[in-house]
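Undergrad: task: produce atomic coordinates for the following.
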Amino acid sequence: MPVLNEREHLRTAVASVLAQDVDGPTELILALGPSTDGTTDLARALADEDERITLVANPAADIPVGLNLAIRSAAHPMIVRVDAHSELEPGYTRRALQILERTGAANVGGLMRADGRTPFQRAVARAYNSPVGLGGGAYHGADEAGEAESAYLGVMHRSVIDEVGLFDESIRRGEDWELNLRIRRAGYTVWFDPSLSVTYWPRDSWPRLARQFFATGRWRGELVRRLGRGNSLRFFAPPLLVLALIVGVMTAVLQATGALSGAWAVAASAVYLPLVAYAFLVLVVAAGPGGGRGWRDRLWTCAVLPTMHLSWGAGFVIGVLRGAERTVDTSRLGTRNTPLP
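TA: Numbering: from 1, shown residues only. Below you'll find the predicted structure:
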């Protein structure tokens, strides 16, 4: 479990891990980044309470660095990746190990069930759980088990991870997807099973959500630069929306200033059609069961979906053009670099 500034969630996340019923010995390794909110003191207290908890220092704070430090210090042949911002359901690990044995897969994951405590966070959670919100990845709502492109968190064979080379420490976001790509290219299977689920608590404010998705999109653009066709086509929908918006704004300016007039202006209005279609889609989602219960929920949904798509898409375009460079997700702590999931 990579940990950085997670005092609010760490105790419940750790408790959900330690409560797992597994045949054989287990350990929980916390890779501690340089937290400023008292998380490290809490982690030390938790380690004093349970001898199964081991602490390793992760001064770099990057997720893949912390994961690799934890994996290298692990003593057992199975690796269960967990997140300090989520909670494992009871029986998660036992079922995952059974699925690995039954299917012969190298890595198995289940559903990311986003939840929220505030109206905004619940709106983000609904967007996460909707195929429109995050593009229909299996772990956001599929109901049939089968081979998958990637796995949320993941329960993995240590031998396979060692064989393909652990997490790529040069990738700050999307490192799990890239590892699963190498696992699949090595001839192994990544498996999704909806009987597994993890509760995930998303960002709880608008600026943090936008920063998170911009960083994620920029790293996806970097992965497109590195891996090209290894990326699913669904990743290209948000950047296409951003480009359509840019073209639409430019066309509107030209029409308003008279630079485009007459038949040319009428023909150019066709560029608005994708934007109108997108706005209609957002309204349909907000008006349906995925939009919430009251009018305030539905308004939040109308605000959250474009925020996610446009932030991610803008980051993607910049990432493709310029690469991710040193981009990190600053959504956990104001403007400080906090590359958390």
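Undergrad: any idea how far the lengthiest strand in the chain is from the chain center?
TA: Longest strand of the chain, by residue count under DSSP state E: strand 190-200. For strand 190-200, the separation from the chain centroid amounts to 14 Å (computed by CA atoms, centre = their mean, to the nearest Å).
Undergrad: which helices and strands sit right next to that strand?
TA: Under the contact criterion of 3 or more CB pairs under 8 Å, 6 or more residues apart in numbering; DSSP states H and E, strand 190-200 touches strand 86-88, helix 92-103, strand 107-114, strand 146-147, helix 175-185. For every residue, glycine as well, the C-beta is placed using N, CA and C.
Undergrad: relative to strand 107-114, how tilted is the longest one?
TA: Direction vectors for helix 92-103 and strand 107-114, defined by axes from the mean of the first three to the mean of the last three CA atoms, to 10 degrees, enclose an angle of 140 degrees.
Undergrad: flag every buried residue along helix 92-103.
TA: Neighbour counts over helix 92-103 (16 or more other CB atoms under 10 Å) mark Y92, T93, R95, A96, L97, I99, L100 as buried.
Undergrad: angle of the helix or strand following the longest strand of the chain against helix 175-185?
TA: Sequence-wise, the next helix or strand downstream of strand 190-200 (DSSP states H and E) is helix 206-227. Here helix 206-227 points in a direction 30 degrees away from that of helix 175-185 (the same axes, to 10 degrees).
Undergrad: pLDDT on helix 206-227, on average?
TA: Average pLDDT, helix 206-227: 92.
Undergrad: over to stretch 301-308?
TA: On average, stretch 301-308 scores 95.
Undergrad: cool, and stretch 242-257?
TA: On average, stretch 242-257 scores 95.
Undergrad: residues making contact with that stretch?
TA: 260-261, 265, 268-269, 271-272, 274-275, 278, 310, 313-314, 316-317 (CB atoms under 8 Å, 6 or more residues apart in numbering).
Undergrad: any idea how far the helix or strand bottoming out on mean pLDDT in the chain is from the chain center?
TA: Lowest on mean pLDDT, DSSP states H and E among the helices and strands of the chain sits helix 131-134, with a mean of 82. Centre-to-centre, helix 131-134 and its host chain are 12 Å apart (CA atoms, centre = their mean).
Undergrad: name the residues that touch that helix?
TA: By CB under 8 Å, 6+ apart, helix 131-134 touches R126, A127, Y128, H140, G141, L281, V282, V285, G290, V304, L305, M308.
Undergrad: for the buried ones among these, write the corresponding ChimeraX selection.
TA: A single ChimeraX command selects the buried members of the contacts of helix 131-134 (16+ other CB under 10 Å):
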select :126,127,128,140,141,282,285,290,304,305,308
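Undergrad: which of the contacts of helix 131-134 sits closest to D176?
TA: Nearest to D176 out of the contacts of helix 131-134 is H140 (CB to CB; 14.0 Å).
Undergrad: wait, doesn't L310 sit right on L240?
TA: No - checked against CB atoms under 8 Å, the pair L310 and L240 is beyond contact range at 11.5 Å.
Undergrad: moving C-terminal of whichever strand or helix holds D48, what's the next helix or strand?
TA: Per DSSP H and E, D48 falls inside helix 39-49. Using DSSP H and E, the helix or strand that directly follows helix 39-49 along the chain is strand 53-57.
Undergrad: what residues sit buried inside the following helix or strand past that following strand?
TA: Downstream of strand 53-57, the next assigned helix or strand under DSSP H and E is helix 63-73. The neighbour-count check on helix 63-73 (16+ other CB under 10 Å) flags I63, P64, V65, G66, L67, N68, L69, A70, I71 as buried.
Undergrad: spatially nearest residue to the third one, not counting backbone neighbours?
TA: Leaving out its chain neighbours, the residue that sits closest to V65 by CB to CB, 6 or more residues apart in numbering is E169, at 5.1 Å.
Undergrad: touching, the one you found and G66? I think so.
TA: No - assessed by CB under 8 Å, E169 is found out of contact with G66, at 9.7 Å.
Undergrad: still on that earlier bit, doesn't the residue nearest to V65 belong to a helix?
TA: No - assigned with DSSP: H, G, I helix; E, B strand; the rest coil, E169 falls outside any helix and is coil.
Undergrad: alright, that wraps it up for me.
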